[in-house]
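Asks: structure for this input, please:
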Amino acid sequence: MKKLLIFFLILFGFAVQAQKPDNPFVANKSEENVDNWPERVYDLTIDYETVNYTGKDVKAMTFNGSIPGPTLEFNEGEFAIINVTNKMDVETSVHWHGLILPHFYDGVPYLNTPPIKPGETQQYKFALKQSGTYWYHSHTGLQEQRGVYGSIQINPKETTLEYDKDLVLVLSDWMDENPKTQLRNLKRGNEWYLIKKNQVQSWDKVIARGAVGAKLKMMWQRMPDMAILDNYYDYFFINGKPEQNYPDFKPGEKVRVRFVNAAAATYFWLTFGGEDPTLVAADGLDVVPVPHNKTLIGVAETYDFIVTIPESGKLEILATSQDGSGKASTFLGTGNTLKAPEVPRPDLIKQMQEMMSMDMKMGAPAVKFNPSKNDSIEKMKKYAMKMDGMQMDGMNMKDDKMQMDGMQKDKDSIKMKDNGMAHQDMKMKDDKMQMDGGMKMGYMVPKDKVIGDNMKTGGNPEFNYHYLKAPESTEFEEDRPTREMLFNLTGNMNRYVWSINGVPLSETDKIKINQGEVVRITLNNMTMMHHPMHLHGHFFRVLNENGERSPLKHTVNVAPMQKVVIEFAADEKGDWYFHCHVLYHVNSGMARIFSYDTPRDERLEGYPLTNLTNEANHMFTWGEVTGQAI
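Replies: Got it, this is the predicted structure:
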């Protein structure tokens, strides 16, 4: 009897062991025993501070009196305890961007964490089962733009990478103007910020470039001038300054430079002087090391590079705003400067001509909808629109019904039909698109893993992730059920309303997902802006030409008029935010909530979700005065 009992105890031990997740990036289970993990405690205070970067005093918000806040350094396998005190007279919050943790500590106020009221201290507690470069920031209104952000460095238990030192560089954008005022001006649909940046496509420039037809076509379609960045910024910062110097690095030292793009709206081109740096990690996770200069880092992304300090001279790292309106520099070492390559300003008139020469396929207008709060695809049927012979990507309107090429539509889920892709002068070979004559256009995601027209997946060689390759397979188990979703990224520039499938967050329900399934999403950008889409509490695969070794990320850039396919394992519980990380886009409606079929945390009683979902529904007022000489 005793032997039989021991046998069952051993068998039970194996069963418990088998239930633990193999992948530490799948879940941070609160029930796992972490009592013996060493604790590391940080105290953060959010308060007002007066700053002066341009000669003008501005009331900012800071962590522990600085912008950015302090770097929180941990070791993998520690238990983090972070006490955050709010000394301001308004609510605030802290989201731990990229960290896998229990949903109650994720930090989205009214969704999964209570807001931090004035005068209160909130404690966050979670086990660190990952390593890498991450960051933290306010998830309340536009506070992040005012300085409420900082970096996180989690050192790995083991690494095969060879480097001597670490350096965290936090990129950001700064405006003296009140962010709420700038958002109000964006919603007016004027070109004031393009004028300030000298980026208006004025008629004299258009005529000189022979672009009158493209300009008239844009006006006919009621499209504003081309813009890469909506906002106007006074400065771009690295660790809080336009220029930083780190002379203490010695010649020959290898430095792991950890970049965090904590900007509210700005993408940066990263270029390096001297030898090409080695890219070793993206969004905190290791990738196959690859030499890579001139890297576009999207809002909310992180990248790690290993650079070698030159034997003579100092190394320049240049962060150039994608729209060419400014830059910031960092210098490592001493001596003569090895300058980083300059990135030329984008040619907006040329981009306008190229865009208008395409068979443009526009998205539904992001206007206020009154239909029932059901699946947004149903609303697309009603609010889809044709414009001057154009049709929405992958969608045909016939008899007032929307048909998607090769698809059946079922609310949030969309099941693919077996539809071979055939185009008159194009052919597919080994997942590469070729036109007659053999010219290669770019990698295509396998057609069974993308909803609708596949032509835009991986099609833009300037904005893709093919240089990122996971060290090992990231594919999910074959027996997992897969749920397909289509998210059209849509917007109305004139009204500055941003949405998904033509519908802002305030007019949708949560998207229900089931534990154990794989959620695959085709992100179809139907706007002329970049959108960095971030999923809280999960890592997702970004399908690229590396197939089973496609990289894992928590934030993905979706370039204008391009498609990206992502998929993640639904192995959590609770509610999780998915949104564009351009601060002015998420605050104008471009977000969704993924919800597991689990009860809402009792600690959220008294904190209604509508406080989050209606956050973008602010009234903006302005006046206009005109005069006439008599």
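Asks: which parts of this protein are helices?
Replies: For the chain, applying DSSP state H gives helices covering 2-19, 179-187, 192-196, 203-208, 212-220, 348-357, 376-383, 583-586, 610-613.
Asks: any weak-confidence spans in the stretch 101-250 of the chain?
Replies: Across the stretch 101-250 of the chain, residues meeting the criterion (pLDDT under 70) sit at 189, 192-193, 195, 197, 199-206, 208-215, 218-227.
Asks: where's the residue nearest to the spatial centre of the chain relative to residue 586, distance?
Replies: The structure's the chain has its C-alpha centroid closest to residue 532; by CA atoms, centre = their mean the separation is 3.0 Å. Residue 532 sits at a distance of 10 Å from residue 586 (criterion: CB to CB, to the nearest Å). All C-beta spots, glycine's among them, are computed from the backbone N, C-alpha and C.
Asks: do the same with residue 308
Replies: In this view, residue 308 and residue 586 are 38 Å apart by CB to CB.
Asks: same thing with residue 177?
Replies: Note on residue 177: its distance to residue 586, by CB to CB, is 19 Å.
Asks: more crowded one of those two?
Replies: Using other CB atoms under 10 Å as the criterion, residue 177 and residue 586 rank with residue 586 on top: 20 against 15.
Asks: what's the closest non-adjacent residue to that one?
Replies: residue 579 (4.5 Å; CB to CB, 6 or more residues apart in numbering).
Asks: what stretches of the stretch 401-550 of the chain score poorly on pLDDT?
Replies: Low-confidence regions of the stretch 401-550 of the chain, defined by pLDDT under 70, span residues 401-442.
Asks: let's see it at 90
Replies: By pLDDT under 90, the low-scoring segments of the stretch 401-550 of the chain are 401-448, 452-462, 492-496, 527-528.
Asks: which segments of the chain make up each domain?
Replies: Here the domain assignment for the chain is 39-158, 159-357, 360-390+469-613, based on automatic domain parsing.
Asks: make a markdown table out of these and add distance to residue 446.
Replies: Output for the domains of the chain, formatted as a markdown table (distance: least, CB to CB, whole Å):
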| stretch | distance to residue 446 |
| --- | --- |
| domain 39-158 | 28 |
| domain 159-357 | 21 |
| domain 360-390+469-613 | 8 |
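Asks: wait, which of these is closest to residue 448?
Replies: Among those, the nearest to residue 448 by CB to CB is domain 360-390+469-613 (10.0 Å).
Asks: quick one: the closest one to chain centroid distance?
Replies: Averaging C-alpha positions (CA atoms, centre = their mean, to the nearest Å) puts domain 360-390+469-613 11 Å from its chain's average.
Asks: check stretch 89-101 too.
Replies: Centroid separation between stretch 89-101 and its chain, computed with CA atoms, centre = their mean, is 16 Å.
Asks: convert it to CSV, retaining C-alpha atoms only.
Replies: Extracted as CSV, the C-alpha positions of stretch 89-101 are listed here (Å, rounded to 0.1, in the frame of the first residue of the first chain):
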residue,chain,number,x,y,z
ASP,A,89,-3.6,66.8,-8.2
VAL,A,90,-4.9,64.5,-11.0
GLU,A,91,-5.1,60.7,-11.5
THR,A,92,-2.2,58.8,-13.0
SER,A,93,-1.1,55.3,-13.8
VAL,A,94,1.9,53.2,-14.8
HIS,A,95,2.0,50.5,-17.5
TRP,A,96,5.0,48.1,-17.5
HIS,A,97,5.5,47.9,-21.3
GLY,A,98,6.5,44.5,-22.6
LEU,A,99,6.5,42.8,-19.2
ILE,A,100,4.6,39.5,-18.8
LEU,A,101,2.8,39.8,-15.5
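Asks: list the buried residues of that stretch.
Replies: Neighbour counts using 16 or more other CB atoms under 10 Å place 91, 92, 93, 94, 95, 96, 97, 98, 99, 100, 101 of stretch 89-101 among the buried residues.
Asks: quick one: the strands in the stretch 501-630 of the chain?
Replies: Using DSSP state E, counting those that start in this stretch, the strands of the stretch 501-630 of the chain run over 511-513, 518-525, 531-535, 540-542, 552-553, 555-558, 563-569, 575-580, 591-596.
Asks: what of the stretch 1-150 of the chain?
Replies: Taking DSSP E, counting those that start in this stretch as the test, the strands found in the stretch 1-150 of the chain are 39-51, 58-63, 72-75, 79-86, 95-97, 121-127, 132-137, 149-155.
Asks: of all the ones you listed, which one is nearest residue 571?
Replies: Closest approach to residue 571 among those (CB to CB): strand 121-127, 15.9 Å.
Asks: and the closest one, what does it pack onto?
Replies: If you count contacts as 3 or more CB pairs under 8 Å, 6 or more residues apart in numbering; DSSP states H and E, strand 121-127 packs onto strand 79-86.
Asks: ok, the residue nearest to residue 586 - contacts?
Replies: By CB atoms under 8 Å, 6 or more residues apart in numbering, residue 579 lies in contact with 505, 533, 534, 586, 590, 591, 592.
Asks: likewise for residue 150?
Replies: Residue 150 neighbours (CB under 8 Å, 6+ apart): 44, 63, 68, 69, 70, 71, 72, 135, 136, 137, 170, 262.
Asks: count the residues that sit near the closest residue to residue 149 other than its chain neighbours.
Replies: Residue nearest to residue 149 in three dimensions, not counting chain neighbours: residue 137, with 3.9 Å by CB to CB, 6+ apart. A count of nearby residues for residue 137, using other CB under 10 Å, gives 28.
Asks: correct me, but residue 137 touches residue 262?
Replies: Yes: between residue 137 and residue 262 a contact is recorded at 6.5 Å, counting by CB atoms under 8 Å.
Asks: return every residue with contacts to both of those two.
Replies: Counting by CB under 8 Å, 6+ apart, the residues touching both residue 137 and residue 262 are 144, 149, 150.
Asks: contact partners for the second one?
Replies: Same thing as residue 149. So residue 149 contacts 63, 67, 68, 69, 135, 136, 137, 138, 170, 172, 262 (CB under 8 Å, 6+ apart).
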